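Trainee: Sequence and computational prediction follow.
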Amino acid sequence: MARTADVVLQTQLVAMALLPSVGCEAEIQPQQRDLLSAYGVVVHDLRTIVLELARIESKEIRIGRFSLDMEHDVGRTRRHTRTEGHFYGVVDGAGQVSITYVGSDGYEMRWQSPSPPPLH
């Protein structure tokens with residue numbers, strides 16, 4: 001169940017980093033909070049804001065800030081994580097996405113989309 005909780009949390013963090021423009025903010029909504037809670041992740045607060053959006057060659061780069069306050073299981077221990085920091089994301093011309101969150105207390109989350117199937 002812990003692995004499923006990680007996937008659900010990562011999916012939420014990825015979606016909140018892919019806001020469409022600079023200045024866009026996202027805050028966890030009750031339905032999202034309920035979904036995470038069903039998998040044992042109690043999110044008290046989760047917010048993101050996109051600070052910069054740039055294109056470099058065929059890549060779209062986004063940089064933002066986040067704050068996160070949650071309780072979750074790490075192994076057999078319940079842990080309270082309260083952190084804030086930066087995220088950055090890269091969307092390349094082929095649609096590959098990678099997102100990294102780095103928090104003030106060492107919290108880190110990295111996610112990369114699966115490689116698309118080869119074209120025949």
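Mentor: That came through, no problem.
Trainee: pLDDT below threshold where in the chain?
Mentor: 1 (pLDDT under 70).
Trainee: List the contacts of the residue nearest to the spatial centre of it.
Mentor: Among the residues of the chain, Leu13 comes closest to the average C-alpha position under C-alpha atoms, centre = their mean, at 2.1 Å. Applying C-beta atoms under 8 Å, 6 or more residues apart in numbering, we find Leu13 in contact with Leu46, Phe66, Phe87, Ile99, Tyr101, Met109, Trp111. Placement of C-beta: from N, CA and C, glycine included.
Trainee: Can you dump the C-alpha atoms of the top helix by length along the chain in CSV for me?
Mentor: Ranked by residue count under DSSP state H, the longest helix found in the chain is helix 2-17. Extracted in CSV, the C-alpha atoms of helix 2-17 (Å, rounded to 0.1, in the frame of the first residue of the first chain):
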residue,chain,number,x,y,z
ALA,A,2,2.9,2.4,0.7
ARG,A,3,4.1,2.1,-2.9
THR,A,4,0.6,3.0,-4.2
ALA,A,5,0.5,6.0,-1.8
ASP,A,6,3.9,7.2,-3.3
VAL,A,7,2.5,6.9,-6.8
VAL,A,8,-0.6,8.8,-5.9
LEU,A,9,1.4,11.6,-4.2
GLN,A,10,3.9,11.8,-7.1
THR,A,11,1.0,12.1,-9.6
GLN,A,12,-0.5,15.0,-7.6
LEU,A,13,2.9,16.8,-7.3
VAL,A,14,3.5,16.3,-11.1
ALA,A,15,0.1,17.7,-12.0
MET,A,16,0.6,20.7,-9.7
ALA,A,17,4.0,21.5,-11.4
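Trainee: The helix or strand just after that helix pairs with which strands?
Mentor: Once helix 2-17 ends, the next helix or strand along the chain (criterion: DSSP states H and E) is strand 25-27. Sheet pairing here is set by DSSP bridges, and for strand 25-27 it gives strand 42-56 (antiparallel).
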